[in-house]
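Participant: coords please:
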Amino acid sequence: MTATTLFQRTSGPPGAPVLLLGGSLGSNLDMWRPQLPALADLRVVRFDHRGHGASPAPPGPYRIEDLGRDVLALLDRLGIARASYCGLSLGGMVGMWLAANAPERIERLVLICTAAHLPPADGWAVRAEQVRNVGMGSIADAVLGRWFTPRFRAALPAKVAPYRAMIAACPAEGYAGCCEAIGAMDLRDDLPRITAPTLVIAGADDPATPPEHGERIHAGIAGSRLVVLPGAAHLANVEQAEPIAQLIRDHVGG
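Facilitator: Sure thing, here's the model as predicted:
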């Protein structure tokens, strides 16, 4: 499949070390706003996956390799030879593919609330069919329930509301195509080939990719570090914004 030209926003001083931020299934690049102040001295490139946010949504199904090649094309377009990469959920899956298959492009790697293999595939196929037939509004509340803990949703409804709107606004074909990419994904054999210094972060209360997924990634990547954050569901970078920002900053800055 031809690489898709991804929508991106770049901030931070020119010439600073580059950090790419890849988001969750159903999100757009605004999900990283909580981290931007702590990363202000880096050249931060946030992007929307194909079929998400302002990036084009070609017909699915997609594969993780397709999303990874989109990022490589983005690096080429921006004239970036090598960068650190931080990805959450789907973004982390893309990060693992990049680090294993284009190691010369990835300096350091941060993987948040993600998995190298997330069966069953038929569950992802059912979700893809649902959003194509009924629309994104049909799953928005269920996704929100995985993104944030009940306590966070109850205490901060105004903070949570924009994320429901983000899910509902995601193009159905793009979301479905990425569901099919996750259903077909198996990166377990790629993990031993990752040589970039890697930080794995799991949310203790994440129902979408529970901590055991982070433990398996950590076990598969030599020299990696694993942190399990309490009080965090799937969108840990929002619910535990300051600890996540500090972990990213310390790892990339190291």
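Participant: Need the nearest residue in space to the residue nearest the centre of the chain, chain neighbours excluded.
Facilitator: Per Cα atoms, centre = their mean, the C-alpha nearest to the average position across the chain is that of G91, at 2.3 Å. Spatially, and ignoring its direct neighbours in sequence, G91 is nearest to G22 (2.9 Å; Cβ to Cβ, 6 or more residues apart in numbering). Any C-beta I mention is one placed from the backbone N, CA and C, and that applies to glycine too.
Participant: Now do the contacts for the one you found.
Facilitator: By Cβ atoms under 8 Å, 6 or more residues apart in numbering, the residues touching G22 are F47, H49, V71, Y85, C86, G87, L88, L90, G91, G92, V94, G95.
Participant: go on, V252?
Facilitator: Applying Cβ under 8 Å, 6+ apart, the residues contacting V252 are P17, L19, L42, S84, C86, R108, V110.
Participant: Apply 6 Å and report the result again.
Facilitator: L19, S84, R108 (Cβ atoms under 6 Å, 6 or more residues apart in numbering).
Participant: go on, V238?
Facilitator: Neighbouring residues of V238 by Cβ under 6 Å, 6+ apart: P34.
Participant: Pretty sure it sits in a strand.
Facilitator: No. Counting by DSSP: H, G, I helix; E, B strand; the rest coil, V238 is not found in a strand; it is helix.
Participant: Please report how far it lies from I182.
Facilitator: According to Cβ to Cβ, to the nearest Å, V238 and I182 sit 21 Å apart.
Participant: Closest one to Y62 out of the contacts of G22, please.
Facilitator: Of all those, H49 has the smallest distance to Y62: 8.8 Å, by Cβ to Cβ.
Participant: Could you count how many residues lie near the closest one?
Facilitator: Using other Cβ atoms under 10 Å, H49 has 34 other residues around it.
Participant: Equivalent analysis for P171, please.
Facilitator: The number of residues near P171, taken as other Cβ under 10 Å, comes to 17.
Participant: Over to the closest residue to it other than its chain neighbours. Which of the three states is it?
Facilitator: Leaving out its chain neighbours, the residue that sits closest to P171 by Cβ to Cβ, 6+ apart is A57, at 4.2 Å. Look at A57: counting by three-state DSSP, its state is coil.
Participant: contacting residues for A57?
Facilitator: Contacts of A57 by Cβ under 6 Å, 6+ apart are G51, P171, E173, G174.
Participant: In a markdown table: these, plus pLDDT and secondary structure.
Facilitator: Shown next, in a markdown table, are these (pLDDT from 0 to 100; DSSP: H, G, I helix; E, B strand; the rest coil):
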| residue | pLDDT | secondary structure |
| --- | --- | --- |
| G51 | 98 | coil |
| P171 | 97 | coil |
| E173 | 98 | helix |
| G174 | 98 | helix |
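Participant: Just the buried residues out of those, in PyMOL syntax.
Facilitator: In PyMOL, a selection of the buried entries from these looks like this (16 or more other Cβ atoms under 10 Å):
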select buried, resi 51+171+173+174
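Participant: Show me where this structure has its helices.
Facilitator: Here the chain has its helices, by DSSP state H, at 64-78, 90-101, 121-134, 140-147, 150-155, 157-169, 172-184, 211-220, 236-239, 241-253.
Participant: So, low pLDDT: which residues of the stretch 151-254 of the chain?
Facilitator: 254 (pLDDT under 70).
Participant: Can you verify my assumption that G95 contacts Y85?
Facilitator: Yes. With contact defined as Cβ atoms under 6 Å, G95 reaches Y85; the gap is 4.8 Å.
Participant: Please enumerate the shared neighbours of these two.
Facilitator: Here G95 and Y85 have L109 as joint contacts, going by Cβ under 6 Å, 6+ apart.
Participant: distance of the nearest residue to G60 once chain neighbours are set aside from P171?
Facilitator: Closest residue in space to G60, ignoring its immediate chain neighbours: G177 at 2.5 Å, by Cβ to Cβ, 6+ apart. According to Cβ to Cβ, G177 stands 9 Å off from P171.
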